[in-house]
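[1] Pasting the sequence and the predicted model now:
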Amino acid sequence: MAKLFVPYYITRRLYSGGGGITARKYVLTKYFKGEPKISDFQVIEEKLPDLKEGEILTEAEYLSVDPYMRAYMIGYKLPTDMIGGQVAKIIASRNKNYPVGKYVVGSFGWRTHTVCDPKVPEKLGFIPITLLPDIDPHPRSLGLGVLGMPGNTAHFGLKEICRPKPGETIAITGAAGAVGSHVGQIGKMLGCKVIGFAGSDEKCQYLKKELGFDHAFNYKSANIRQALKEGAPQRIDCYFDNVGGEISTAIMNHMNKNGRVAVCGSVSSYNDEKLPKVTILQPAIVFKELVVEGFLVNRWVDRWNEGITANLKLLNEGKLKYQEKVYHGFDNMVDALVGMLQGENTGKAIVKVK
């Protein structure tokens, strides 16, 4: 039998006949109507099994809240475990490649402890289970941000779909979020003019003063068409769309011929019970011959570490900046999700479990 790498302090809990570690997890029992509510969930306890060969036991340290969570849950049959990424510590292992004390990033959902085989994709997974590389002196939480799914979404989505060229102009909605703020910085590194739209004057100042955006506009107070004329008199070549809605219609009508649009999300409508009506996009798409492509980041799952390595290099060179909005406590997951959807965060929204 393979040796079990397990800290002494949990040995009795694992093998005391009590059924193993007890995990707490969020189970969605009602489909969201409007904003997510705590009453849409049940928090239950689950006894975890003893480890099999190749498996590991992890304890969550940071949990992610992301816009996609609000939209995706309608596709699951209820009741279902809540989806989401984690940075988790390995506290027991029967896999020599995943030793105790190391950290992993995986789509384990909203739960405190997980037993898994790293070779087997999680059933609720959007990202592979990967060992978190040595990122000192940076915080481990970045495994859910610039060194995780949002970072890879920005890296691959911009470079592979928008394919910006030096001197071109990029527009980004949701520009102060985890993905948008990252996209803008890459755009500047590629020699592009970058225009961002965000939800407050403070966020716009951050984009311009800290991240180097050429222009940033508060979509809640600005005249969008006038802002586009001011910020992009030569029009837009690439549009990274995180929000959808009427603002996307305005931007696409202000694009150059053969412009490229990467559709990453539609956060402006996620809490709407009925999809809002917006001005049709087809005339702009047809007459400007735009290339519009939606994407999910797991398209590049076989290149996952490529993106992380590229972003870590930029981070270590001081070329990539970030902010985090940190919520505290496993019991506050729903509040964190709602806060993120309301735009409380600049950069990545995460929950520190303890």
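    Arrived safely.
[2] Break this structure down into its structural domains.
    8-145+323-352, 149-298 (automatic domain parsing).
[3] Out of the ones you listed, which gets nearest to Trp304?
    Proximity to Trp304 (Cβ to Cβ) singles out domain 8-145+323-352 among the domains of the chain, at 5.6 Å. For every residue, glycine as well, the C-beta is placed using N, CA and C.
[4] Mind checking the pLDDT average for that closest one?
    What domain 8-145+323-352 shows for mean pLDDT is 90.
[5] Repeat that for stretch 151-163.
    Mean pLDDT, stretch 151-163: 98.
[6] can you pull the buried residues of that stretch?
    Neighbour counts over stretch 151-163 (16 or more other Cβ atoms under 10 Å) mark 151-159, 161-162 as buried.
[7] who does the strand or helix carrying Gly196 pair up with?
    Using DSSP states H and E, Gly196 sits in strand 193-198. Neighbouring strands of strand 193-198 in its sheet, by DSSP bridges, are strand 169-173 (parallel), strand 215-218 (parallel).
[8] ok, and what's touching the longest one?
    For strand 169-173, the surrounding residues in contact (Cβ atoms under 8 Å, 6 or more residues apart in numbering) are 158, 162, 164, 180, 183-184, 187, 192-197, 219, 228, 232, 234-243, 247-248, 251.
[9] swap the cut-off to 6 Å and go again
    164, 180, 183-184, 187, 192-197, 232, 236-243, 247, 251 (Cβ atoms under 6 Å, 6 or more residues apart in numbering).
[10] Cross those residues against helices and list the overlap.
    180, 183-184, 187, 247, 251 (DSSP state H).
[11] out of the residues you listed, who's nearest Asp335?
    Nearest to Asp335 out of the ones in helices among the contacts of strand 169-173 is Gly180 (Cβ to Cβ; 22.8 Å).
[12] For the closest one, grab the count of nearby residues.
    By other Cβ atoms under 10 Å, the residues close to Gly180 number 30.
[13] Just list the residues touching it, thanks.
    Contacts for Gly180 were tallied using Cβ under 6 Å, 6+ apart; they are 172, 174, 242.
[14] one more time with 7 Å, if that's ok
    Neighbouring residues of Gly180 by Cβ atoms under 7 Å, 6 or more residues apart in numbering: 172, 174, 196, 240, 242.
[15] That'll do, ta.
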